[in-house]
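Engineer: pasting the sequence and the predicted coordinates here, then a few questions.
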Amino acid sequence: MLTVNTNIASSFTRRHMEANGRDLETTLQRLSTGQRINSARDDAAGLQISNRLGSQVSGLGVAVRNANDGISLLQVAEGALQTVTDALQRIRSLGLQAMNGSSGANERAALDAEAQQLLQEINRVNETTTFAGRKVFDQSSFSALGDLDQRAVLNALKGFWIAEGEQRVQDAFGISASGATLKITLSNDPSSQTLAYVAGTVGAGGRVYDQVMDVNLAYFDAASLPDGGNSPQYTDRVIAHEMTHAIMGRSMNFAALPSWFKEGAAEAVQGADERLAGDTSGGTSVAAILAAFNGDDVSGSAGYSGGYAAVRYMHDQIKSAGGSGIRDVMTHLSNNAGSTLDQALANASKGAFSGLGDFSTQFNADAAGYVAAMNLGNADTGAIGGLDADGGPVLDARSVLANQGTGLPGSRGFALEMPELFKMGASSGNNLIQFQVGAQAYETVQMGFAAFGVDALALSRVNLLESPGLAVMDIDDALTYIDGQRGYMGAMQNRLEATVANLQSVAENAAASRSRILDTDYAAATATLASKQIIQQASQAMLAQANQRPQAVLALLG
């Protein structure tokens, strides 16, 4: 059908040419921008998804930078701790040098002067280490390694008090413990008059099992070490007293022994002349100590003095009979399971005493003269093996325990169980820093940095002049603590590096996903472009042909 008013072919061709033109325009736009989606009409859902992925990729990039900042901060902190470690190692070397017998007071003072300067440098490093203007370490002075007095007492116990107490017992009595566990506990009771005590459970053969030595910190403090307390009753002598109980408890029928003998032997190990002098008015009145002795009453000082005088008397009488003194009695008790003091005196006193009753009779008869003849006013404490008891070296209140160790720190005869004041390798500190390491809000990693000043490391009382050995032990604990903190920092660095690797992997995959949605596929787009251009040219040609069709009507009319 030929018409003039309506050219259907032209309208059809024009419509398709316009649609092809739009497609060609979209293809040109995609090729020019490199993006498949240039407006919401291109792909509404794809635009939303790609924008979310774009936010994620952008956020992950920031998170990677944040995590790397965290790694840098940790590297700064660890570098500072390396400086602290170097300083502590130097102080430790100085402490070992100060412990050497060739170092006199002047040499130790010089060594201590250098140590104090290094301690100040440790404080300076703790205070001035910053990252981007922010202090890295906690600035508190709270000791991370436990109470100073507790630490000092435990180190003194481990370093020399227990070992030297055992050595005194071995030298005086010839007995030692059996390798059982001795648990050390700490209390703090100023209302108690007991400085320390040993307790346990009596078991087979009268021996004491599950022994615990409690130390009352109300009478022990770091400032008075290594001897502790005040002259003449230094607290190290108290430990020697209690170690005598502990060793006797493990080596003999302790439960069957009279109380005066237990306490008297413990006093004789470290000497008790000053106590005896006080309880007998300088040796002139023995009524009180004899009453306590005969009543086996050790509830007061007179009972301790009575036991001490009795043991010293026993020691001298056995020596006069040709024996070795109290050592003979102790070794008999130790070597003969279940033996009583009565049996030991009958069999190991070289005939000086026929038994416990005979000893009691003789001591009551001779006590006044014996005590009066004792030299209670000189420097020697009266300890077994010293000047007064055996004509040995003067063992005064300070030197009776040298506090220099025995070459075997800890204990020879016991497996020590010490309280734990801090966890070695403890984790983070109080200066908390959060790093945003995710693309979403509050996807964070928190790091804590402890204080590493002298107070925090419990080194404020380091003194190479008076107690270099304790200083070395304190330094060892500080180094262990720092090593633990550095281990924590190393673990955090590894974690953040793993975080960075993960973030980069996620960002790469998210970017690839976004690219598949958003980016132009140039191979397909160029093919489409060629196709649309050809169609556009063909459409133009066909439109021209369609527009010529009304001319056929005119031919009919002519």
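Structural biologist: Happy to help now that I have it. Everything quoted here is computed from the prediction, not taken from an experiment.
Engineer: next one: phi and psi at the closest residue to Q120 other than its chain neighbours?
Structural biologist: Take Q120 and drop its neighbours on the chain: the residue closest to it by C-beta to C-beta, 6 or more residues apart in numbering is V454, 7.9 Å away. Yep, even glycine has a C-beta here, placed from its N, CA and C like the rest. Main-chain dihedrals, V454, degrees, to the nearest 10: phi -60, psi -40.
Engineer: could I get the full set of helices for the stretch 1-150 of the chain?
Structural biologist: 8-33, 44-99, 105-128, 148-156 (DSSP state H, counting those that start in this stretch).
Engineer: confirm D214 sits in a helix?
Structural biologist: No. Counting by DSSP: H, G, I helix; E, B strand; the rest coil, D214 is not part of a helix but strand.
Engineer: show me the domain layout of this protein.
Structural biologist: Using the TED database, the domain ranges for the chain come out as 52-146+422-508, 148-417.
Engineer: and the residue nearest to L421 when sequence neighbours are not counted, what pLDDT?
Structural biologist: Closest residue in space to L421, ignoring its immediate chain neighbours: G146 at 2.9 Å, by C-beta to C-beta, 6+ apart. In the predicted model, G146 carries a pLDDT score of 83.
Engineer: same question for G322.
Structural biologist: At G322, the model reports a pLDDT of 97.
Engineer: need the three-state assignment for it.
Structural biologist: The local conformation at G322, judged by three-state DSSP, is coil.
Engineer: that one touches A348, doesn't it?
Structural biologist: No. Judged on C-beta atoms under 8 Å, G322 makes no contact with A348 at a distance of 11.9 Å.
Engineer: between the two, who's got more neighbours?
Structural biologist: Taking other C-beta atoms under 10 Å, G322 and A348 do not tie; A348 has more neighbours (23 against 9).
Engineer: measure that one to I239 for me?
Structural biologist: A348 sits 28 Å away from I239, going by C-beta to C-beta, to the nearest Å.
Engineer: could you do N51 as well?
Structural biologist: For N51, the distance to I239 - C-beta to C-beta - is 75 Å.
Engineer: tell me which of the two has more neighbours.
Structural biologist: Per other C-beta under 10 Å, whichever of N51 and I239 has more neighbours is I239, with 27 against 14.
Engineer: let me see the contact set for the more buried one.
Structural biologist: 157, 161-162, 165, 196, 215 (C-beta atoms under 8 Å, 6 or more residues apart in numbering).
Engineer: switch the cut-off to 6 Å
Structural biologist: Neighbour list for I239: 161, 165 [criterion: C-beta atoms under 6 Å, 6 or more residues apart in numbering].
Engineer: tell me which element it is part of?
Structural biologist: Using DSSP states H and E, I239 sits in helix 235-251.
Engineer: listing request: residues of the stretch 201-350 of the chain with sub-threshold pLDDT.
Structural biologist: Within the stretch 201-350 of the chain, no stretch has pLDDT under 70.
Engineer: so which residues of it form strands?
Structural biologist: Under the criterion DSSP state E, counting those that start in this stretch, the stretch 201-350 of the chain contains strands at 208-216.
Engineer: so where's the chain shaky on pLDDT?
Structural biologist: 1-2, 422-429, 525, 558.
Engineer: looking at it, A196 is touching V215, isn't it?
Structural biologist: Yes. A196 is in contact with V215 according to C-beta atoms under 6 Å; the separation is 4.9 Å.
Engineer: now the nearest residue to F160 once chain neighbours are set aside: how far from G205?
Structural biologist: Nearest non-adjacent residue to F160, counting by C-beta to C-beta, 6+ apart: G405, 4.5 Å away. Using C-beta to C-beta, we find G405 at a distance of 33 Å from G205.
Engineer: what do you get for G59?
Structural biologist: In terms of C-beta to C-beta, G59 sits 75 Å off from G205.
Engineer: which of the two has more neighbours?
Structural biologist: Shown here are G59 and G205; by other C-beta under 10 Å, G59 has more neighbours (19 against 13).
Engineer: what helix or strand does the residue nearest to L290 when sequence neighbours are not counted sit in?
Structural biologist: Once flanking residues are discounted, L290 sits nearest to A367: 5.7 Å by C-beta to C-beta, 6+ apart. Assigned by DSSP H and E, A367 falls within helix 356-373.
Engineer: helices or strands up against that helix?
Structural biologist: Under the contact criterion of 3 or more C-beta pairs under 6 Å, 6 or more residues apart in numbering; DSSP states H and E, helix 356-373 touches helix 301-320, helix 341-348.
Engineer: that helix vs helix 341-348, what angle?
Structural biologist: With axes from the mean of the first three to the mean of the last three C-alpha atoms, to 10 degrees defining the directions, helix 356-373 sits at 80 degrees from helix 341-348.
Engineer: please enumerate residues in contact with helix 356-373?
Structural biologist: 280, 283, 286, 290, 309-310, 313, 341-342, 345, 353.
Engineer: among those, who's most crowded?
Structural biologist: A309 (29 neighbours).
Engineer: surely N216 meets Y197?
Structural biologist: No. Counting by C-beta under 6 Å, no contact exists between N216 and Y197, whose distance comes to 8.4 Å.
Engineer: and these two? which has more neighbours close in?
Structural biologist: Ranked by neighbour count (other C-beta under 10 Å), N216 and Y197 place N216 first, with 20 against 16.
Engineer: and the more buried one, what does it touch?
Structural biologist: 187, 189, 195.
Engineer: what about 7 Å?
Structural biologist: The contact partners of N216, by C-beta atoms under 7 Å, 6 or more residues apart in numbering, come to 187-189, 192, 194-196.
Engineer: closest to A44 out of those?
Structural biologist: Of all those, A44 sits closest to N188, with 74.2 Å by C-beta to C-beta.
Engineer: surely the closest one meets A218?
Structural biologist: Yes. Assessed by C-beta atoms under 7 Å, N188 is found in contact with A218 at 5.4 Å.
Engineer: about what we covered before: could you redo the helices and strands packed on helix 356-373 as TSV and give each row distance to F173?
Structural biologist: Formatted as TSV, the helices and strands packed on helix 356-373 follow (distance: least, C-beta to C-beta, whole Å):
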stretch	distance to F173
helix 301-320	10
helix 341-348	12
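Engineer: just those: most buried one?
Structural biologist: helix 301-320 (a mean of 23; mean count of other C-beta atoms under 10 Å).
Engineer: just checking, what packs against that one?
Structural biologist: helix 259-270, helix 273-279, helix 287-294, helix 326-335, helix 356-373 (3 or more C-beta pairs under 7 Å, 6 or more residues apart in numbering; DSSP states H and E).
Engineer: now that helix against helix 341-348, angle please.
Structural biologist: Using the same axes, to 10 degrees: helix 301-320 against helix 341-348 is 20 degrees.
Engineer: and helix 301-320, how far out from the chain middle?
Structural biologist: Mean C-alpha position of helix 301-320 versus that of the full chain (C-alpha atoms, centre = their mean, to the nearest Å) differs by 46 Å.
Engineer: convert the C-alpha atoms of it to PDB, please.
Structural biologist: Provided in PDB are the C-alpha atoms of helix 301-320 (Å, rounded to 0.1, in the frame of the first residue of the first chain):
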ATOM      1  CA  SER A 301      61.300 -15.300 125.900                       C
ATOM      2  CA  ALA A 302      62.400 -17.100 129.000                       C
ATOM      3  CA  GLY A 303      61.500 -20.400 127.400                       C
ATOM      4  CA  TYR A 304      63.700 -19.700 124.400                       C
ATOM      5  CA  SER A 305      66.500 -18.600 126.700                       C
ATOM      6  CA  GLY A 306      66.100 -21.700 128.900                       C
ATOM      7  CA  GLY A 307      66.300 -23.900 125.900                       C
ATOM      8  CA  TYR A 308      69.300 -22.100 124.500                       C
ATOM      9  CA  ALA A 309      71.200 -22.300 127.800                       C
ATOM     10  CA  ALA A 310      70.300 -26.000 128.100                       C
ATOM     11  CA  VAL A 311      71.500 -26.800 124.500                       C
ATOM     12  CA  ARG A 312      74.700 -24.900 125.100                       C
ATOM     13  CA  TYR A 313      75.200 -26.800 128.400                       C
ATOM     14  CA  MET A 314      74.500 -30.100 126.600                       C
ATOM     15  CA  HIS A 315      77.000 -29.100 123.900                       C
ATOM     16  CA  ASP A 316      79.800 -28.300 126.300                       C
ATOM     17  CA  GLN A 317      79.200 -31.400 128.500                       C
ATOM     18  CA  ILE A 318      79.400 -33.800 125.600                       C
ATOM     19  CA  LYS A 319      82.500 -32.100 124.300                       C
ATOM     20  CA  SER A 320      84.100 -32.400 127.800                       C
END
